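[1] Below are the sequence and a predicted model; questions follow.
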Amino acid sequence: MLATGLPVVVQSLFPRSRPIRTCTHPAIRPVALALALAAASLGAASAQEVAAQPVAAVDQLPPDQDVSATVIELAGWVVATQDSQGYPFAVIDKAAAQVFVFGGDGRPRGAAPGLFGSAIGDHTAPGIAGLALREIPGRDRTTPAGRFVGGYGPSIDAGRVLWVDYESAVSIHPTADVPGERRAERLASPSPDDNRVTHGCINVSPEFYERVIQPTFERGGVFYILPDEASIEDTFPDFAQSRKTTQRGD
Amino acid sequence: MNLTKQHQAAARRLVVAIVVAMGLASCASYRDEFATINSRLDQLDSRVQGAAQSAESANQSAQQANQRLDQIESRVQQLEAAPRRAPRG
């Protein structure tokens, strides 16, 4: 009974062939009790770690990179209005090539650089989801701006993917190794200027995807993508209205 | 080996196990503490919560926006069952 609830390393000290119940030396009992308590505290620490794991934040942004006021205000508005209805959400700043992930509680879970569509712009070309990658004109290789309800679903060629905007076939996924595009190097460089390279999908580092994106959005979430060219008023009208009111109150 | 020596050997192994267990437990605590030290994300959290308070207290449109029926759950479920398509790389 003593050994069954203990870690393997401790269980190995008690080979099954040895009759533990015959150990009646008085010194053994307090030591065994202490061991059980130690193992229990270890187990409790592990449980806390598992519970805290989603909260353990990851920051992969370059050290000196700042966060724009629009990102802060938009995230604050989402929290204040519960616009994501308790679902996790991400605020994505294409111009700064930054991805910010928040839990359903509105607390940051991670920040990382991202790769985005090679075309500057916010539109979704009609019928783009039905085109092969090579058929997408350069001008239409945009990452669309706006508010998107996303979640996991099947894909044709990449298994189960996290769709940001299923309608336009935009997903967020680990960086793909595309010959000649140096995606990993672009992601690692501190400048956002070289982060426009995809056909519209959002790429993050495999580590960030695995540690932050996947566990956070396993059951879906909301993605807020800031525009390149369109106005905040057109892209997020409710937020823009709220911000005007807030600024008048200052 | 007599019985007393067997007990002494078992006790020694138990003491070693306690030390190992305590060491692992302290490592877990250290990792937890280390995870909380993240100044930029802490600052981000602070600024976002501040912005949330401002937005909440300064306007009523926040309440109006909150009334939007988004049905996020059903949308997410639809994605799981949606026809396969190729993501845009």
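    Sure, I can see it.
[2] Could you check the host helix or strand of residue B:51 and say which residues are buried?
    Taking DSSP states H and E as the definition, residue B:51 sits inside helix B:39-58. The neighbour-count check on helix B:39-58 (16 or more other Cβ atoms under 10 Å in any protein chain shown) flags B:40-41, B:44-45, B:47-49, B:51-52, B:54-56, B:58 as buried. Just so you know, the C-beta spots here come from the backbone N, C-alpha and C atoms, and that holds for glycine as well.
[3] Report the residue spans of the chain with pLDDT below the cut-off.
    This is for chain A. A:1-55, A:249-250 (pLDDT under 70).
[4] look at chain B instead
    Scanning chain B with the threshold set as pLDDT under 70 gives B:1-3, B:20-37, B:58-70.
[5] one more time with 90, if that's ok
    B:1-39, B:55-71 (pLDDT under 90).
[6] Identify the residues contacting stretch B:75-87?
    A:129-130, A:132-133, A:149-158, A:161, A:163, A:166, A:169-171, A:173, A:201, A:219-220 (Cβ atoms under 8 Å, 6 or more residues apart in numbering or on different chains).
[7] Which among these count as buried?
    Buried members of these, scored by 16+ other Cβ under 10 Å, are A:129, A:133, A:149-155, A:161, A:163, A:166, A:169-171, A:173, A:201, A:220.
[8] If we check chain B, which of these are in contact?
    A:129, A:133, A:149-155, A:161, A:163, A:166, A:169-171, A:173, A:201, A:220 (Cβ under 8 Å from any Cβ of the partner chain).
[9] out of these, which are inside strands?
    Judged by DSSP state E, those include A:149, A:150, A:151, A:152, A:153, A:154, A:161, A:163, A:170, A:171, A:173 as members of strands.
[10] got TSV for those, with distance to residue A:138 too?
    Output for those, formatted as TSV (distance: Cβ to Cβ, whole Å):
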residue	distance to residue A:138
A:149	28
A:150	25
A:151	29
A:152	29
A:153	27
A:154	28
A:161	24
A:163	23
A:170	17
A:171	20
A:173	21
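[11] Going along the chain, name the helices of the chain.
    Since you didn't name a chain, this refers to chain A. Shown for chain A, the helices assigned by DSSP state H span residues A:8-11, A:28-52, A:69-81, A:183-188, A:206-208, A:214-216, A:232-235, A:237-249.
[12] nope, chain B please
    B:3-36, B:39-58, B:61-66, B:72-81.
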